[in-house]
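Student: sequence unknown, structure follows:
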């Protein structure tokens, strides 16, 4: 079921179409109103996670993650969970909170349900993404992350033909997790 066919979740079908650039609103005011509604729902959805954590039974949570998500394509589920984590990471970075602290506390809050605590080690090492360096990595036989492949795909510095040539040489490219953003060429 595509995103536009799904029932309303945090976003309505119209919201998803608008954010993907597939739908246009009639006026500047309508666009402002839509963006405001989306911001309000995101804010309140985030606040609802405390209620879900405390009130949703373990069985109901398992039915969502094991049964419902388990019936979906693994790529779709993987992409959804990675995107949710990325959204939360970017959101925490917009606050004055430290992501490593939020991550550690979140993991320990979940583990407390099992009468245990966890030691969480989180390390970030930043490096700039640039097409030339990533293409050299491919030429050297190194594999790239999905994010790096998506970056190359979106880059104006690399033609689709050039990227295809580099990826045709990759034996381990077909891991089944490359999103349509990368494979649509």
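Tutor: Happy to help now that I have it. Since the model is a prediction, treat every value here as computed from it, not as a measurement.

Student: How is the chain divided into domains?
Tutor: Annotated domains of the chain cover 1-55, 131-183 [automatic domain parsing].

Student: Residue 67 is nearest to which of those domains?
Tutor: For residue 67, the closest of the domains of the chain is domain 1-55, at 15.8 Å, according to Cβ to Cβ. Quick note: C-beta positions are derived from backbone N, CA and C, even for glycine.

Student: Check the model's average confidence along the closest one for me.
Tutor: Domain 1-55 shows an average pLDDT of 89 in the prediction.

Student: and what of stretch 103-119?
Tutor: Looking at stretch 103-119 alone, the average pLDDT works out to 94.

Student: swap in stretch 70-81?
Tutor: Mean predicted confidence for stretch 70-81 is 89.

Student: Please report how far residue 113 lies from residue 73.
Tutor: Taking Cβ to Cβ, to the nearest Å as the criterion, residue 113 is separated from residue 73 by 29 Å.

Student: ok, now residue 137?
Tutor: According to Cβ to Cβ, residue 137 and residue 73 sit 28 Å apart.

Student: So which of these two has more stuff around it?
Tutor: Neighbour comparison, residue 137 and residue 73: the larger count goes to residue 137, with 15 against 10 (by other Cβ atoms under 10 Å).

Student: so how far is the helix or strand the more buried one falls within from its chain's centroid?
Tutor: With the criterion set as DSSP states H and E, the secondary-structure element containing residue 137 is helix 131-139. Centroid displacement of helix 131-139 relative to its chain, using Cα atoms, centre = their mean, to the nearest Å, is 24 Å.

Student: Mind listing residues that contact that helix?
Tutor: 144, 148, 151, 152, 155, 157, 158, 162, 166, 167, 169, 170 (Cβ atoms under 8 Å, 6 or more residues apart in numbering).
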